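Colleague: I would like to see how this sequence folds:
(4 chains)
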Number of protein chains: 2
Amino acid sequence: MPNRTGLTERAVASHALALIDEEGLVGLSMRKLAGALGVAPMSLYTHFADRDSLLEAVAQLLYAQIDAPTGEDLGPEEKVRQIMKSVRRVLVDHPAAVPLVAKYPPRTLDALAFVEAGYRAFRRAGITAHDTARAYRALVAYSLGTATIEVNQYFAAHPAATPPGDSIDSPTLARHLPNVIEVGPLLPQLDDGVEFDYGLELTLAGFMRLQDSTLGSR
Amino acid sequence: MPNRTGLTERAVASHALALIDEEGLVGLSMRKLAGALGVAPMSLYTHFADRDSLLEAVAQLLYAQIDAPTGEDLGPEEKVRQIMKSVRRVLVDHPAAVPLVAKYPPRTLDALAFVEAGYRAFRRAGITAHDTARAYRALVAYSLGTATIEVNQYFAAHPAATPPGDSIDSPTLARHLPNVIEVGPLLPQLDDGVEFDYGLELTLAGFMRLQDSTLGSR
DNA sequence: ACCTGAACACCGTTCAAGT
DNA sequence: ACCTGAACACCGTTCAAGT
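Modeller: Sure, this is the predicted structure:
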């Protein structure tokens, strides 16, 4: 550590994640982070080209936190369930950082460990590399989307409960959106964890059904 | 229109969307937008409480662009396919605005039209309000996730092709991540449109499978 | 190579003042 | 009610200078 300040990239990124957790993504400024680390703002640019590079490093830290199950006897479905649960846990533990994970794919060795574990389970089960890639893409889409919904509290207030300012008057609502009135209020009652599992099962069941039909036609 | 400037909320939000399309979400500033509209920056605050309120209005404009199929003879699966395709088209047409749709749910009458159409198709097919809500949630998650992947070009470069600066040396990669090396290069070759359909079919096939098993056990 | 302070070109929003 | 200019408290990053 030949630096005068003792800073490492990892330490800077780790402090950045802590700041993001506390004050949100917009709350992380190069100036505030430098202040928290006790250095001048411009010192950070010795370790990262710009703010985006720093955020990319934060994303890698998050990916590295995802548990990759090592059990050799697990089938691809169960292994994927375990990985996806770990993905969800990491994302909801760091809600403000979800956009970073959505923007920067895993790149470092540690960050790619869970990807490797997932691919391995699929390939061992005789699923083609191509189908493995497709399933991985669909699962990434689902996990990013569901995490986004959770951290944004997208369904926290159902549509009929919009602020009265410019909201639609009740009779008009009932005439044009009867099903929204019926179904909408159920959305905020859904449990995030239960629905995460439900959507995951939809995807896995669909994948296995398509796999079976493909194998059956061979 | 009793205003001196002739501004309406709709016109302001519409210009904001155009600016977002041209210069990105961070490229939309209250000052630049006001300049483009020929008014003082603070005039915008007559129509919107703050920048977030303006962005919420932009999200409503986008939701209103989603086509809601009116055919009464369509089954829920086909109707959902059509709606989801329209959702994808709107989102990829406005890539920089995707985070807004992820943050602000539909609220206005026009914005809720596609939701009403989807709910209606499900309810008409005898699916419970609860299952309709669950399926809607899963479909929102998938569409937001897949749009995020597309607009961020999440899979544009596969992991093995990271910049040589801090990338992992080849032998280490091959030893620790053999499946990433095999499967990763396939990801950027996948077609966004084809994979959108694939993931959607996974979800729909899974939903129908669970529906059937639920009905069968009654 | 690493670190710094000053400066530049921006932000969103508050405030007091105008019509 | 609607609109404005000035001001405040911030930003990320460039630059020239230091070690």
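Colleague: show me the contacts for the residue lying farthest from the centre of chain A.
Modeller: Relative to the centre of chain A, the most outlying C-alpha is that of A:P171, 39.6 Å out, by Cα atoms, centre = their mean. With Cβ atoms under 8 Å, 6 or more residues apart in numbering or on different chains as the criterion, no residue contacts A:P171. Where C-beta positions appear, they are placed from N, C-alpha and C, glycine not excepted.
Colleague: so for the host helix or strand of it, what's the average pLDDT?
Modeller: Using DSSP states H and E, A:P171 sits within helix A:170-176. Mean pLDDT, helix A:170-176: 83.
Colleague: can you pull the buried residues of it?
Modeller: Judged by neighbour count using 16 or more other Cβ atoms under 10 Å in any protein chain shown, the buried positions of helix A:170-176 are A:L173.
Colleague: Put the alpha carbons of that helix into CSV.
Modeller: Below are the C-alpha coordinates for helix A:170-176, written out as CSV (Å, rounded to 0.1, in the frame of the first residue of the first chain):
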residue,chain,number,x,y,z
SER,A,170,-65.6,7.6,-8.7
PRO,A,171,-68.5,7.2,-11.1
THR,A,172,-66.2,7.6,-14.1
LEU,A,173,-63.8,5.1,-12.6
ALA,A,174,-66.5,2.5,-12.0
ARG,A,175,-67.7,2.8,-15.6
HIS,A,176,-64.4,2.7,-17.4
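Colleague: Please see if the helix or strand following it touches chain B.
Modeller: The helix or strand immediately downstream of helix A:170-176 is helix A:178-183, counting by DSSP H and E. Yes - interface with chain B: helix A:178-183 contributes A:P178, A:N179, A:V180, A:E182, A:V183 (Cβ under 8 Å from any Cβ of the partner chain).
Colleague: Touching the helix or strand just after helix A:178-183 from outside, list them.
Modeller: In the C-terminal direction, the helix or strand that comes right after helix A:178-183 (DSSP H and E) is helix A:192-216. Applying Cβ under 8 Å, 6+ apart, the contact partners of helix A:192-216 are A:77, A:80-81, A:84, A:88, A:92, A:127, A:131, A:135, A:138-139, A:142, A:146, A:150, B:134, B:137-138, B:141-142, B:199, B:201-207, B:209-210.
Colleague: Helix A:192-216: how far from the chain's middle?
Modeller: Relative to the centre of its chain, helix A:192-216 is centred 19 Å away, using Cα atoms, centre = their mean, to the nearest Å.
Colleague: Enumerate the positions of that helix that are buried.
Modeller: A:192, A:195-196, A:198-211.
Colleague: Tell me which residue of chain A lies closest to chain B.
Modeller: A:G145 (2.8 Å; Cβ to the nearest Cβ).
Colleague: in the host helix or strand of that residue, what counts as buried?
Modeller: Here A:G145, judged by DSSP H and E, is contained in helix A:129-152. Using 16+ other Cβ under 10 Å as the test for burial, helix A:129-152 gives A:129, A:131-152.
Colleague: wouldn't A:Y154 be in contact with B:S143 here?
Modeller: No - using Cβ atoms under 8 Å, A:Y154 is not in contact with B:S143; the gap is 11.9 Å.
Colleague: Tell me, please, where in chain A the pLDDT is lower than the cut-off.
Modeller: Applying pLDDT under 70 to chain A flags the ranges A:1-2, A:158-169, A:215-218.
Colleague: 50 instead?
Modeller: A:1, A:163-165, A:218 (pLDDT under 50).
Colleague: Show me the domain layout of it.
Modeller: A:9-48, A:65-155+A:190-216 (automatic domain parsing).
Colleague: what's the closest non-adjacent residue to A:A11?
Modeller: Computed as Cβ to Cβ, 6 or more residues apart in numbering or on different chains, the closest residue to A:A11 that is not its neighbour in sequence is A:L37, at 7.8 Å.
Colleague: Chain A against DNA strand D: which residues are in contact?
Modeller: Chain A comes close to DNA strand D at residues A:L28, A:S29, A:M30, A:R31, A:K32, A:P41, A:M42, A:Y45, A:D50, A:R51, A:D52, as judged by Cβ under 7 Å from any atom of the strand.
Colleague: Out of the residues you listed, which sit inside strands?
Modeller: If you go by DSSP state E, those have nothing in strands.
Colleague: among those residues, who's most crowded?
Modeller: Counting neighbours by other Cβ atoms under 10 Å in any protein chain shown, the top entry in those is A:L28, with 23 neighbours.
Colleague: what's near enough to touch it?
Modeller: Contacts of A:L28 (Cβ under 8 Å, 6+ apart): A:A16, A:L19, A:I20.
Colleague: and the residues you listed, which of them are in strands?
Modeller: Per DSSP E, those never map to strands.
Colleague: from those, which single one is nearest DNA strand C?
Modeller: A:A16 (15.3 Å; Cβ to the nearest atom of the strand).
Colleague: now for the helix or strand where A:L61 lies, which elements pack on it?
Modeller: Using DSSP H and E, A:L61 falls within helix A:51-64. Helix A:51-64 sits against helix A:9-23, helix A:98-103, with contacts defined as 3 or more Cβ pairs under 8 Å, 6 or more residues apart in numbering or on different chains; DSSP states H and E.
Colleague: What are the contacting residues of the shortest one?
Modeller: Residues external to helix A:98-103 that are found in contact with it (Cβ under 8 Å, 6+ apart): A:25, A:55-56, A:58-59, A:62-63, A:91, A:144, A:147-148, A:151, B:99, B:148-149, B:152, B:154.
Colleague: Right, I'll call it a day here.
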